[in-house]
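Novice: Give me a 3D structure for the following:
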Amino acid sequence: MMTNQNVVTHEVINTLIAMAASISNSTVLPSATVPESMAVLGGFWGLPHNKNLVKRLEGAKVSAWIDSMRASSPTRAKSESQEKRSWILYHPSALNTFEQIVYSAKGKQIVVFLDYDGTLSPIVADPNKAFMTRKMRATLKGIARHFPTAIVTGRCRDKVYNFVKLAELYYAGSHGMDITGPTKSPKQGNNNNKAVLFQPASQFLPMIDEVYKILLEKTKTVPGAKVENNKFCLSVHFRCVDEKSWAALAEKVRLVLIEYPQLRLTQGRKVLEIRPTIKWDKGKALEFLLESLGYENSNDVFPIYIGDDRTDEDAFRVTNAATPSLLVS
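Specialist: Numbers count the residues shown, from 1 in each chain. Have a look, this model is predicted:
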């Protein structure tokens, strides 16, 4: 369980740059620019609708959702020393195994994937104020000079880009349903690439906008609730909602989604996520990006994912198949 919602420190992420220096004399592949295969992708790709993926919420017990909300968004901490011992037992520190990571990465192309909220920026009450520091931006810019770097987030891609303001990165917004490549090379200036690379849920946009307007109206009576439109998915934030009102909020969301079986409900920390029922998530986004970079089923790549939330688990499954993932705690 993740208890302390801290931002990755400058020193922790800076180890990636140190890793680049350590491996620079080895046979690591040259830093990749945007591949031609990605540059020419200007249209939308659709996925066939799979009825088996549709999850109806009719008949679901609100109490079960409340239990899940409490489990994923704890409001009471256990004994700090007890939890720390348990955490270290199952999650060894990346800093303590840095040399081992460097050794494992030798001769391979490192590709860096990063969550945004809670990883590059602090967790804040107002999601519109999750600004990253100048120091973190400079560090991120340094990482991109050495490795292909992507931000994979549940947020709207445009909103995260406005937070980060680095054109040399890959951006995968809406849990990977809105992917774009760099419009600027970290070393060679502008690439003049197509803006949109992959949008597998474009057909859901009218429905997402419709549900967004309904939820805005329905949640007005729940103090502290905030509905965020992330373009291809929606977030209902309950970080500022009194725990006694969680049941009322969950019921309102459930009743709305009953009418939209093509949408599904998942959870993060203090947030309910509403997404299309297509088989796509952050893990699929990583696979798409790695394939686009030319590293599908390759032994020459060392992908690193850094994230802090339950929604990052899909991405962890992809990177854990080949390399360790870094969990922010």
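Novice: Could you look up the SS state of the nearest residue to E296 once chain neighbours are set aside?
Specialist: Leaving aside its sequence neighbours, E296 sits nearest to L290 (Cβ to Cβ, 6 or more residues apart in numbering; 6.2 Å). The C-beta positions use only the backbone N, C-alpha and C, and glycine is treated the same way. Look at L290: counting by DSSP: H, G, I helix; E, B strand; the rest coil, its state is helix.
Novice: Quick one: name whatever helix or strand follows the host helix or strand of L216.
Specialist: Assessed by DSSP states H and E, L216 sits inside helix 205-218. Counting by DSSP H and E, the next helix or strand C-terminal to helix 205-218 is strand 226-229.
Novice: Pull up the pairing partners for that next one, direction included.
Specialist: According to DSSP bridges, strand 226-229 has the following sheet partners: strand 234-237 (antiparallel).
Novice: Name the surrounding residues that touch the strand it pairs with.
Specialist: 127, 154, 208, 211-212, 215, 219, 225-228, 249, 253, 268, 270-275 (Cβ atoms under 8 Å, 6 or more residues apart in numbering).
Novice: May I have the phi/psi pair for V164?
Specialist: Phi and psi for V164, reported as degrees, to the nearest 10, are phi -90, psi -50.
Novice: Looks like it contacts I151 (just checking).
Specialist: Yes: using Cβ atoms under 8 Å, V164 is in contact with I151, at 6.5 Å.
Novice: Next, show the common contact partners of those two.
Specialist: Common neighbours of V164 and I151, using Cβ under 8 Å, 6+ apart, are 116, 120, 171.
Novice: How is this protein partitioned into domains?
Specialist: 10-46+80-198+279-327, 51-77+202-276 (automatic domain parsing).
Novice: Comparing those, which yields the minimum mean pLDDT?
Specialist: Mean pLDDT per stretch puts domain 10-46+80-198+279-327 lowest among the domains of the chain, at a mean of 73.
Novice: Just to check, I274 is in contact with G268?
Specialist: No: applying Cβ under 8 Å, one finds I274 not in contact with G268, separated by 11.5 Å.
Novice: Just the strands from this structure, written as ranges.
Specialist: 109-114, 149-152, 170-173, 178-180, 184-185, 189-190, 226-229, 234-237, 263-268, 271-276, 301-307, 326-327 (DSSP state E).
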